[in-house]
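Asks: for reference, the sequence and a predicted model appear below.
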Amino acid sequence: MKAESPAVRQPAEWEPHSAVWTAWPSHPEYWEGHIEAARSDVAGFLRLLSEPVDGCPDPEVVKVWVDGHEARCSAEAALGGCGIELMDEPIGDIWFRDIAPIFVRCRLTDSLQYRAFRYNGWGGKYVMEHDDSVASRIAGMSGVSGWTVPIVFEGGALDVDGEGLGLTTCSCLLNTNRNPDLNKQEIETFLEAHLGVSSLIWLGDGLRNDHTDGHIDNIARFVAPGVVVCQSPSGQDDPNREVLLDIANSLRQWRSMDGGSLEVVEIPSPGKVLDPDGDIIPASHMNFYIANHRVIMPTYGTGYEIEALAALQELFPGREVVGSPASGLILGGGSFHCITQQQPLDGPLP
């Protein structure tokens, strides 16, 4: 199966952004009593996105969708004076990494296009009204041309280095709850045609109790071309110890067709993090967001974030690396990277 598409590439997240699209937790029924905790975490994160940093590039232009009068009032109270644009739009939930369009750059003209993929609620687990129209609405607001790709795919399932190399997991992309009629080669063909991923690194499993079936943005991320950061287990009771060790080992063993390898950097995981019922939740330091001026990493108060932040700062010398609390947000199943989708700067790069 070969899809026709202009030659494109998905820009790396560290390339300049013209905006970032995200949403405000708007529906209490989706948060099972934790919406105020989630809103507090989202507000702290969005303020960091909008605040300038001396000696760094300009901050993000932040576009936040809110749904309903109560949600609008709470967002205004939390974000007033930050210069953040609030947009009244019907939404299901806030996981824009997976339901917003993915922006790509045409190699011939350097102009932006979008790709909107089908979305089925992470394999039918959480199907919410309005989620399936977010991609087309953002595409229309952005003024960027593009089209819908006829496979089920979520942005959090892929991380790229901007030069054709991608990271993903078998547990998600090969799960029969997404595209049961597509094999690995056919999925690779779609991603090469529509996102410019010419070489795809397949890892195994994601984190325990991750309802996305193992999104890559919770376990391994590119921080530069050919440079990947992942996590080492923290504490003897880290529930993902074996998975994390296997991820690091697989990344170090990977070789390209011409024998090239990856530079692999490990930072501490948050360790064991439990929800109010005592169940393990997929907390991860990998779910950081790379803004124009900052890298914002989720923290969970376990103490391991101090070393993790210091290690990330070494990897991003041109940005300020900061931690922001995410213990309320993770109760909804994700963190900062999960709620954002960046729109790269259009036209030739500066």
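Replies: Now that the structure is in, tell me what you want to look at.
Asks: C-alpha from now on. contacts and neighbour counts both.
Replies: Fine.
Asks: can I get the helix ranked longest in the chain as CSV, trimmed to CA atoms?
Replies: Selection of the longest helix in the chain by residue count, based on DSSP state H, yields helix 35-50. The C-alpha coordinates for helix 35-50 follow below in CSV (Å, rounded to 0.1, in the frame of the first residue of the first chain):
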residue,chain,number,x,y,z
ILE,A,35,-10.8,18.6,37.8
GLU,A,36,-9.6,21.3,40.1
ALA,A,37,-6.3,19.6,40.7
ALA,A,38,-6.0,19.1,36.9
ARG,A,39,-6.8,22.8,36.3
SER,A,40,-4.2,23.9,38.8
ASP,A,41,-1.5,21.9,37.0
VAL,A,42,-2.6,23.1,33.6
ALA,A,43,-2.6,26.7,34.7
GLY,A,44,0.9,26.4,36.1
PHE,A,45,2.1,24.9,32.9
LEU,A,46,0.4,27.4,30.6
ARG,A,47,1.8,30.3,32.6
LEU,A,48,5.3,28.9,32.1
LEU,A,49,4.6,28.7,28.4
SER,A,50,3.6,32.3,28.1
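Asks: what is the helix or strand just after that helix packed up against?
Replies: The first helix or strand that comes after helix 35-50 along the chain, using DSSP states H and E, is strand 62-66. Judged by 3 or more Cα pairs under 8 Å, 6 or more residues apart in numbering; DSSP states H and E, strand 62-66 is in contact with strand 17-23, helix 35-50, strand 85-88.
Asks: contacting residues for Gly81?
Replies: By Cα atoms under 8 Å, 6 or more residues apart in numbering, no residues touch Gly81.
Asks: next: Leu312.
Replies: Shown in contact with Leu312 (Cα under 8 Å, 6+ apart): 267, 321.
Asks: ok so it is a helix residue?
Replies: Yes. The assignment for Leu312 is a helix, going by DSSP: H, G, I helix; E, B strand; the rest coil.
Asks: pLDDT score for it?
Replies: On the pLDDT scale, Leu312 is placed at 98.
Asks: so what pLDDT did Lys2 get?
Replies: Model confidence at Lys2 (pLDDT) stands at 43.
Asks: again but with Thr109, I slipped
Replies: So Thr109 comes in at 85 (pLDDT).
Asks: separation between Lys161 and Glu15?
Replies: In this structure residue 161 is Asp, not Lys. Asp161 is 10 Å from Glu15, where distance means Cα to Cα, to the nearest Å.
Asks: could you do Leu48 as well?
Replies: 18 Å.
Asks: let me know how buried the closest residue to Ala157 other than its chain neighbours is, in neighbour terms.
Replies: Of all residues not flanking Ala157 in the chain, His215 sits nearest, at 4.6 Å (Cα to Cα, 6 or more residues apart in numbering). Neighbourhood size, His215 [other Cα atoms under 10 Å]: 27.
Asks: my guess is His215 contacts Gly204. True?
Replies: No. Under the criterion of Cα atoms under 8 Å, His215 is not in contact with Gly204, lying 10.6 Å apart.
Asks: for these two, list the residues in contact with both.
Replies: Thr169.
Asks: quick one: contacts of stretch 297-307?
Replies: 234, 267-271, 273, 283-289, 309, 321-327, 335-336.
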